[in-house]
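Student: No letters, just coordinates:
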């Protein structure tokens, strides 16, 4: 795939939409059953889907080195997703979501600046507005921030940041196989943690539809992000993908009838302006 800034922007927004829907489903399921079971099943769904698509599309298999890097990315993603879902289930969503999103984009931004050079002034302004937008969008519950509220979202953000960087590194020749390798590593790591901590691995049967949808959306978000980083700049892909909390908030407003505050509306407006600036 040749580099195309507009295509990269489209894929980045698609990643944010998929991840936002996945977090809505996964966060809701995690409040009703054990977190590890939710993450494990959702990751296994992604593994089956990605492997099947890679075989059907006859995608060339990357080198063992690339697959190893993808596996490390998968462990980072599993750590990030487990911390995020646990944080969403036990802590204030208005703190967990924005902190995780902002932290997750810091590492790719730094790497993007070093590897690809400084973007234009409109893009830099768009980056700043996008990060502000994420914060405003998820400040609807008036939660105050305490140190203990920051641990899980910071861990989640760091895990996602590692995933972003490494998947971009290995997605030049292929997309599906590296993501499948990442899923193998994440499922394996989760199984080890579950066995060592003796956590329940089977989620409640009644939550399976939400968990399956979470797995499908998370897989779609990963694929769209890899395509976005492949088609454009790493930093642009990471910033646009980090807008996923906006989709979660909108879904909660539409489906759960949660009230959309003026602060959240302001954040959504900032997000739209940010996308326009980044697309210039």
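Tutor: Looks like it came in fine. Owing to the predicted nature of the structure, the values given are computational and were not obtained by experimental measurement. Residues are numbered from 1 along each chain as shown.

Student: So, low pLDDT: which residues of the stretch 51-200 of the chain?
Tutor: Scanning the stretch 51-200 of the chain for pLDDT under 70 picks out 91-95, 138-149, 172.

Student: one more time with 50
Tutor: Under the criterion pLDDT under 50, no range of the stretch 51-200 of the chain is flagged.

Student: Residue 54 reaches residue 183, doesn't it?
Tutor: No - if you go by Cβ atoms under 8 Å, residue 54 and residue 183 don't touch, sitting 11.0 Å apart. C-beta: built from backbone N, CA, C; applies to glycine.

Student: out of the two, which sits in the more crowded spot?
Tutor: Comparing residue 54 with residue 183 by other Cβ atoms under 10 Å, the one with more neighbours is residue 183, at 28 against 19.

Student: what's the nearest residue to the more buried one if we skip its chain neighbours?
Tutor: Excluding the flanking residues, the one nearest residue 183 by Cβ to Cβ, 6 or more residues apart in numbering is residue 47, at 3.7 Å.

Student: pLDDT value on the one you found, please?
Tutor: Confidence at residue 47, expressed as pLDDT, is 92.

Student: moving C-terminal of the helix or strand harbouring it, what's the next helix or strand?
Tutor: Assigned by DSSP states H and E, residue 47 belongs to helix 35-56. Under the assignment DSSP H and E, the closest C-terminal helix or strand after helix 35-56 is helix 64-90.

Student: List the buried residues for the next helix or strand after that following helix?
Tutor: Going down the chain from helix 64-90, the next helix or strand is helix 93-116, by DSSP H and E. Residues of helix 93-116 classed as buried: 93-105, 107-109, 111-112 (neighbour count, 16 or more other Cβ atoms under 10 Å).

Student: hmm, back to that, ok and the helix holding residue 47 relative to helix 64-90, angle-wise?
Tutor: With axes from the mean of the first three to the mean of the last three Cα atoms, to 10 degrees applied, the angle from helix 35-56 to helix 64-90 works out at 140 degrees.

Student: List phi and psi for the residue lying farthest from the centre of the chain.
Tutor: For the chain, the residue at maximal distance from the C-alpha centroid (Cα atoms, centre = their mean) is residue 198, at 26.9 Å. Backbone torsions of residue 198, given as degrees, to the nearest 10, read phi 60, psi 40.

Student: circling back to that earlier point, helices or strands next to the helix holding residue 47 in the packing?
Tutor: Secondary-structure packing of helix 35-56 (3 or more Cβ pairs under 8 Å, 6 or more residues apart in numbering; DSSP states H and E): helix 5-30, helix 64-90, helix 176-197, helix 208-231.

Student: Mind listing what's buried along the longest one?
Tutor: Of the residues in helix 64-90, those buried under the neighbour-count criterion (16+ other Cβ under 10 Å) are 66-67, 69-89.

Student: Mind giving me the packing neighbours of that helix?
Tutor: Counting by 3+ Cβ pairs under 8 Å, 6+ apart, helix 64-90 packs on helix 5-30, helix 35-56, helix 93-116, helix 147-170, helix 176-197.

Student: again with the third one
Tutor: Helices and strands in packing contact with helix 176-197 are listed as helix 35-56, helix 64-90, helix 147-170, helix 208-231; criterion 3+ Cβ pairs under 8 Å, 6+ apart.

Student: again, but for the first one
Tutor: Helix 5-30 is packed against helix 35-56, helix 64-90, helix 208-231, helix 234-241, helix 244-255, helix 262-279, with contacts defined by 3+ Cβ pairs under 8 Å, 6+ apart.

Student: okay, the angle between that helix and helix 234-241?
Tutor: Helix 5-30 and helix 234-241 are oriented at 40 degrees to each other (the same axes, to 10 degrees).
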